[in-house]
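A.B. asks: sequence first, predicted coordinates after that:
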Amino acid sequence: MTGRILGLDPGERRVGVALSDPTGTIASPHQYIDRRTQSLEDELRELCVVEEISLIVVGLPINLDGSEGASAGKARAIGEIAAEATGLTVEFQDERFTSHTAETALISGGVKRKKRKEKRDQVAAAVMLQAYLDKRGNERRIS
């Protein structure tokens, strides 16, 4: 597979966006899409062309017992929207604790409360995407 991987962390209002580097090794926060003021489909189509995306990974909020709740259903719906809008394959990655991890990292970095709110979704997307990239890299080394 060539091209970058796009990571999405779906939320009620915002969808955090992260991108991998071209080698699929490192994830970085990129932006967020505000679903109240932006078209998710249009934003995804444009991002996928401009950034040469080859795969989309959507964060899937799994319950602590491993089951899927209402939030997971919403994440799967965003995955369907992304697949239809872009024609790309969509995979899902467990995203438990990514928002907490992102918040902790932003606090540790001295980011002020108002800025944290703006950055949290995209940093959470990067944490989730990095977990996916690490898992994929480990699977490649084993096979």
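C.D. replies: That came through fine.

A.B. asks: going by C-alpha atoms from here, please, whenever you check contacts or count neighbours.
C.D. replies: OK.

A.B. asks: report all helices and strands that the lowest-mean-pLDDT helix or strand in the chain contacts.
C.D. replies: Taking mean pLDDT, DSSP states H and E as the measure, the chain has helix 98-108 as its least confident helix or strand, at a mean of 72. Counting contacts by 3 or more C-alpha pairs under 8 Å, 6 or more residues apart in numbering; DSSP states H and E, helix 98-108 packs against helix 113-142.

A.B. asks: the helix it packs on vs helix 98-108, what angle?
C.D. replies: 120 degrees (axes from the mean of the first three to the mean of the last three C-alpha atoms, to 10 degrees).

A.B. asks: buried residues, helix 113-142. List them.
C.D. replies: 116, 119-133 (16 or more other C-alpha atoms under 10 Å).

A.B. asks: same question for stretch 91-99.
C.D. replies: Buried-residue list, stretch 91-99, by 16+ other C-alpha under 10 Å: 91-95, 98-99.

A.B. asks: list just the nearest of these to D65.
C.D. replies: Comparing the buried residues of stretch 91-99 against D65 with C-alpha to C-alpha places D94 closest, at 12.5 Å.

A.B. asks: list the contacts of that closest one.
C.D. replies: D94 is in contact with 59-62, 128, counting by C-alpha atoms under 8 Å, 6 or more residues apart in numbering.

A.B. asks: could I get the residues you listed in JSON lines, plus columns for pLDDT?
C.D. replies: Shown next, in JSON lines, are the contacts of D94 (pLDDT from 0 to 100):
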{"residue": "G59", "pLDDT": "95"}
{"residue": "L60", "pLDDT": "95"}
{"residue": "P61", "pLDDT": "91"}
{"residue": "I62", "pLDDT": "89"}
{"residue": "M128", "pLDDT": "94"}
